[in-house]
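**Student:** any chance you can model this:
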Amino acid sequence: MFTRTAVLAVAATGLIALTGCDKAETAAAPAPAATTATAARTATATTTTVAAAATKPATERAKPATERAKPAGGCPVATATLQKLADYPAGWRIDESSVKCKDDWAVASMIAPSPDQQGDGRIFFAYDRKTGKWAKKGEGSAVECGAGDAMNIPPSTGFCG
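**Tutor:** Numbering: from 1, shown residues only. Below is the predicted model of the structure:
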């Protein structure tokens with residue numbers, strides 16, 4: 001501990017001595033060549049990158065977030081998208097923590113405006129790859145999977161039962 005304190009005291013004394021130097025000498029001293037060369041390279045690289053980006057055709061430039069490529073399927077899906085499709089009266093909302101999405105199918109539970117209205121049913125949504133849109137397929141609390149089911153939910157989703 002004593003050694004660390006002694007080293008710190010020597011370092012602090014050195015810094016105090018250096019701050020007492022003539023400011024005119026410090027200000028007049030030229031910048032080291034390595035620093036100037038690095039700054040010049042950085043400025044040139046930045047200018048080149050910006051110029052190259054500006055000359056790319058519009059098809060190669062980064063697209064805004066609204067136009068970026070979407071996943072091949074509909075998953076993941078935004079809770080807000082499902083909320084609009086649920087088409088429930090005011091006060092009802094999708095429970096964001098309940099949303100599950102798999103194999104172009106999504107399931108979500110609703111939160112009722114009051115406890116006496118709360119049920120255990122879930123709403124099912126399917127993603128159409130041709131149109132790129134989600135659609136509400138149905139709702140229920142004991143939904144069966146498979147081709148014989150009214151909604152044709154694939155068993156691979158694990159959303160039924």
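**Student:** please make it C-alpha for all contacts and neighbour counts, starting now.
**Tutor:** Will do.
**Student:** shaky segments in the protein?
**Tutor:** Per-residue confidence for the chain (pLDDT under 70) gives these ranges: 1-72, 149.
**Student:** what ranges does this structure have for its strands?
**Tutor:** Here the chain has its strands, by DSSP state E, at 93-94, 100-102, 105-111, 122-128, 133-140.
**Student:** from the contact counts, what lies against the fourth one?
**Tutor:** Read that as strand 122-128. The contact analysis (3 or more CA pairs under 8 Å, 6 or more residues apart in numbering; DSSP states H and E) places strand 122-128 against strand 105-111, strand 133-140.
**Student:** possible to save these as CSV with distance to T157 and mean neighbour count?
**Tutor:** Converted to CSV, the helices and strands packed on strand 122-128 look like this (distance: least, CA to CA, whole Å; neighbours: other CA atoms under 10 Å):
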stretch, distance to T157, mean neighbour count
strand 105-111, 7, 22
strand 133-140, 15, 16
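**Student:** could these go into JSON lines alongside distance to P154?
**Tutor:** Shown next, in JSON lines, are these (distance: least, CA to CA, whole Å):
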{"stretch": "strand 105-111", "distance to P154": "9"}
{"stretch": "strand 133-140", "distance to P154": "13"}
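**Student:** coming back round to it: which one of the strands of the chain lies nearest to A150?
**Tutor:** Checking the strands of the chain against A150 by CA to CA gives strand 133-140 as the closest, at 8.7 Å.
**Student:** one step back: mind checking which of the helices and strands packed on strand 122-128 is nearest T81?
**Tutor:** Across the helices and strands packed on strand 122-128, T81 has its closest neighbour in strand 133-140 (7.9 Å, CA to CA).
**Student:** quick one: contacts of the closest one?
**Tutor:** Residues from elsewhere that reach strand 133-140, judged by CA atoms under 8 Å, 6 or more residues apart in numbering: 74, 81-82, 85-86, 121-128, 151.
**Student:** alpha carbons of it, in PDB - could you do that?
**Tutor:** The C-alpha coordinates for strand 133-140 follow below in PDB (Å, rounded to 0.1, in the frame of the first residue of the first chain):
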ATOM      1  CA  LYS A 133     -50.500 -10.000 -44.700                       C
ATOM      2  CA  TRP A 134     -51.800 -11.400 -41.500                       C
ATOM      3  CA  ALA A 135     -55.500 -12.400 -41.100                       C
ATOM      4  CA  LYS A 136     -57.600 -13.400 -38.100                       C
ATOM      5  CA  LYS A 137     -58.600 -17.000 -38.400                       C
ATOM      6  CA  GLY A 138     -60.600 -17.600 -35.300                       C
ATOM      7  CA  GLU A 139     -60.700 -17.800 -31.500                       C
ATOM      8  CA  GLY A 140     -61.300 -20.300 -28.800                       C
END
